[in-house]
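Peer 1: Need a 3D model of the following:
(chains A and B)
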2 protein chains.
Amino acid sequence: MSSAKNVLFIMADQLRADHLACYGHPFIRTPNIDALAKRGVQFERAFVNSGVCGPSRMSYYTGRYPSTHGATWNRVPLSVGEMTLGEYLRASGRKLVLAGKTHVMVDHAGLERLALDGGSELGRLLSNGGFEEIDRYDGHHEPGEESGYPAYLRRHGYVSNDPWTDFVISARGPDGQSVSGWHMRNAQYPSLVQEAHSETAYMTDQAMQFMQQEGDQPWVMHLSYVKPHWPYIAPAPYHAMYSPDQCLPVVRNEDEKHNAHPVLAAYRQHEESISFSMDECIRTVRPAYQGLITQLDDHLGRLFEHMERTGLMDNTLIVFTADHGDFLGDHWLGEKELFYDTVQRVPMIVVDPSAEADATRGSIESRMVESVDILPTILAWLGQPLPTHRLEGHSLLPILRGQPIEWRDCVFSELDYSYRLSRLLTEKTPKNARAWSVRTDQWRYVYWLDEPEQLYDLHADPNQFHDLGQDPAYATVRNECRERLLTWFAGLKRRTTVSYEAVDRGTNAYKKAGVFFGQW
Amino acid sequence: MSSAKNVLFIMADQLRADHLACYGHPFIRTPNIDALAKRGVQFERAFVNSGVCGPSRMSYYTGRYPSTHGATWNRVPLSVGEMTLGEYLRASGRKLVLAGKTHVMVDHAGLERLALDGGSELGRLLSNGGFEEIDRYDGHHEPGEESGYPAYLRRHGYVSNDPWTDFVISARGPDGQSVSGWHMRNAQYPSLVQEAHSETAYMTDQAMQFMQQEGDQPWVMHLSYVKPHWPYIAPAPYHAMYSPDQCLPVVRNEDEKHNAHPVLAAYRQHEESISFSMDECIRTVRPAYQGLITQLDDHLGRLFEHMERTGLMDNTLIVFTADHGDFLGDHWLGEKELFYDTVQRVPMIVVDPSAEADATRGSIESRMVESVDILPTILAWLGQPLPTHRLEGHSLLPILRGQPIEWRDCVFSELDYSYRLSRLLTEKTPKNARAWSVRTDQWRYVYWLDEPEQLYDLHADPNQFHDLGQDPAYATVRNECRERLLTWFAGLKRRTTVSYEAVDRGTNAYKKAGVFFGQW
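Peer 2: Reported below is the predicted structural model:
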């Protein structure tokens, strides 16, 4: 494809699909994201493969499910044995640059085992998940040497050893005292950092500077914002842009708490769930969360305007998505991880600038897509070979170009709660604190190790209030869902050292190799 | 354990469990293996995790199932990302030496990706599956530089560029002409190599020389014979040791060929199955196969006598097993791979010389064990830590020492027929030519991708003549078996970069890391 040139893969952190105007939010203003959707395809049913940052992102970066890539939770390093988008691109002479968050954890043991010095070129790339860093910035981790943001803040007058803690997530309380964004009660106040120096502004600047610097050179960029992820604190004027009455109704009912699934009940004992069970918390946090989204949209507007002006809109594949959603009090839960669309469904907008995609512009696509599809989409759009013996996702290019294709009718997601209090409360070990979910058009099924299974009828009960996991009337449905899960497990791609083409070449070829068994 | 010193892990290639005297064969003489069983524990129900050399061996060497280690067939390299027994031992300052066959394929792409030169110490070990080679000898591959055997043969007067082809697997036909062991009709003739220079003799010599050379130094040795694997040709006098009437009855009936499972039917079209469908082939090959077994036993006798004399029997853990069996015409099949006990069940004898194991000496153990159990057994016997977050097998030490332990009640095996003619005949791709089997005490269940499932009632039908895979009366049993398979898949160990202890240390510890989300 001669016109293929750049790829801009934008990720927001912890952004619910239903918190964008183009996805139906009645109050949040996101005109630039809405306009982006009009330029391309808006996927109505895009799902992550894990409802938590690390494993979800690793599925985006590897095209493989957590059960395959193995980085099943935030603190689990991605094995150096796994190949990432950056590595695939490098094989074709391209780089993958990063501005923002990746949540890549260094596989120190793996590097040491293979005598790979983290300081060598190869060691550095394997440590970074294959990214060349414009500026890696993981946000709520105390900013260290990895990011230029603290120095940037100091240059702009935020004098502190830790300007993030002291300015970015701090606010001036009602009595003039400094208060911390770690306390959600303070989400109502504006951050001490000025909007122009906020994380979202800074990272947009980084991306734009990079684009300017590259000029006509082709690039592939992962622009990965840390917002609207907590700490929920927005700079003025976004902190006060929405009132508590401009939020979606809270999705929860009292019934949910009775006879709840043991692991759900345990998650409801987490501090974030207890906090979000209070109306006051919801009414304080949601407006700030929404403000952070509109702020993000404003900066994307700035970025898109720059790209428009410089002609980059015409030769750049743009993906806009998120790593997972946020309960924000729905289902008596805070945070994420569990198997509700609230968390599992994300916005996904893909703009293919090529003429082949003109027919689908502005369309809303209802086929179910997953995080693992993004890597094959990028490779395919760049005309790169697809290592299909490793990739578990599928290129969206045929959908973007209106070409006929057989497509999946269910999506999968995973949970590893080994590191969570819920694991201790349910008396699990690091071995059996796991669950897998199958979601079809009608059903959400969850298979837990050593816990009862769950089933929800999304047609009759789109909010997942009524767990049919033990209802004898639904035994057949549960059976079918387990069958889907078994087929999925059996199809995971662990034979990574030979391509399908190599298998084809070697099939029934033993005589060519001088082996003549079986002859009478 | 102060007395722990040496480990001798002996493997025979393609040796059926029912072809040893101690396992009930009425004709084959194996007095030395029988005596070994009397010294330790004879596992009556030992099963491989794949019915073909490569993946089965990689399960022995990694302690992981093929679906996890990924080397699912003979031509699939084990990823450099997988850790092997040799590597675990090296971490504790020990070596794993090899005399004989491993079937390890070099993961060239993996080494290249990680800039690991196959010539470096680390690259060499990763290329060799972690073995330090006394003499690697994979047998039917044309002997190359990797083995000292061709040079040894030449030194002993077998003058040829390829003494293996010209002497080891060649015989003198009835008219004095040279005939090849690749043709099974020639299994009746003695090989041109003298018994003392045969593969089995040579490899035993290698092992004994190594033991002598090591003196009092502790060692761990994998002594891995290429026999009784084809080419089925034995040196005199073993070629004529058994008559066709001293073989087990052939296990097959005409019914098996009607309405056969599509993949079984395809395997029956393979050349080896067509050859073995002839009585003449069975009656020619089996006596030679049996002779090769008694020959192996004789050399093991020589080895054990040496170990007895030098005191090594008192401080050496001995494991004797095989990588899979051989159909030899049973079920109208030749070779291996498929899910019958004929192929899946192997001999397994374990001698723990320590006093703690005295109570179980000479016992016959009926609990089901698997190939993946051997690596943890060796590490545990040596007092090494068990990397339980990676290992899918379990140490047999508690069983050897009569200690109470909860144990599995089913075993798993896998098939990848991507490289086989059967894949083409059943119109599969390299993606869906896969199957998994669950075997309980009573049931053998097989789950195929894109083919009907199978079920056999081993109590009523121990020979697996009657496939109940489509019988509505057994739907519940099949459901239970699929349930076991799903649980097994879900429990595979893909989170390899963190130990369970590290997970424990990191559980609910985010506040220690300066992260305070969820507080009101």
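
Peer 1: Report whether the lengthiest helix in chain A contacts chain B.
Peer 2: Using DSSP state H, we find that the single longest helix of chain A is helix A:279-309. Yes - using C-beta under 8 Å from any C-beta of the partner chain, we find that helix A:279-309 touches chain B at A:Cys281. The way it works is simple: take the backbone N, C-alpha and C, and place the C-beta from them, glycine included.

Peer 1: List the buried residues in that helix.
Peer 2: A:281-304, A:306-307 (16 or more other C-beta atoms under 10 Å in any protein chain shown).

Peer 1: Next: stretch A:408-422.
Peer 2: For stretch A:408-422, by 16+ other C-beta under 10 Å, it's A:410-422.

Peer 1: Filter those residues down to just the ones in helices.
Peer 2: Short answer: those in helices (DSSP H) are A:421-422.

Peer 1: hmm, which two among the buried residues of stretch A:408-422 are most spread apart?
Peer 2: Maximum pairwise distance among the buried residues of stretch A:408-422 (C-beta to C-beta): 30.6 Å, between A:Cys410 and A:Leu421.

Peer 1: got the residues of the stretch 201-350 of chain A near chain B?
Peer 2: A:230-231, A:270-276, A:278, A:281, A:334-335.

Peer 1: Single out the residue in the stretch 151-300 of chain A that lies closest to chain B.
Peer 2: Closest to chain B within the stretch 151-300 of chain A is A:Glu272: 2.8 Å, counting by C-beta to the nearest C-beta.

Peer 1: After whatever helix or strand A:Glu133 lives in, which helix or strand is next?
Peer 2: Following DSSP states H and E, one finds A:Glu133 within strand A:132-136. Once strand A:132-136 ends, the next helix or strand along the chain (criterion: DSSP H and E) is helix A:149-155.

Peer 1: returning to what we had before: pull the CA atoms of the strand holding A:Glu133 into PDB?
Peer 2: This file holds the C-alpha atoms of strand A:132-136, laid out as PDB (Å, rounded to 0.1, in the frame of the first residue of the first chain):
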ATOM      1  CA  GLU A 132      11.900   3.500  21.600                       C
ATOM      2  CA  GLU A 133      11.000   6.000  24.200                       C
ATOM      3  CA  ILE A 134      10.200   9.600  23.400                       C
ATOM      4  CA  ASP A 135       9.200   9.800  27.000                       C
ATOM      5  CA  ARG A 136       7.900   6.900  28.900                       C
END
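
Peer 1: can you list the residues that contact that strand?
Peer 2: A:86, A:95-102, A:125, A:128, A:146-149, A:203, A:206-207, A:210, A:221 (C-beta atoms under 8 Å, 6 or more residues apart in numbering or on different chains).

Peer 1: Can you tell me the strand partners of it and which way each runs?
Peer 2: strand A:97-100 (parallel) (DSSP bridges).

Peer 1: Using neighbour counts, pick out the buried residues of the partner strand.
Peer 2: Buried residues in strand A:97-100 (16+ other C-beta under 10 Å): A:97-100.

Peer 1: average pLDDT across the helix or strand harbouring the residue of the stretch 151-300 of chain A closest to chain B?
Peer 2: If you go by DSSP H and E, A:Glu272 is part of helix A:271-276. For helix A:271-276, the mean per-residue pLDDT is 98.

Peer 1: which residues are contacting it?
Peer 2: Here helix A:271-276 has contacts from A:184, A:267-268, A:281-282, A:285, A:327-329, A:332-335, B:517-520, using C-beta under 8 Å, 6+ apart.

Peer 1: now with 6 Å?
Peer 2: With C-beta atoms under 6 Å, 6 or more residues apart in numbering or on different chains as the test, helix A:271-276 has contacts from A:184, A:267, A:281, A:329, A:333-335, B:518, B:520.

Peer 1: Surely A:Phe517 forms part of a helix?
Peer 2: No - if the criterion is DSSP: H, G, I helix; E, B strand; the rest coil, then A:Phe517 is coil and not within a helix.
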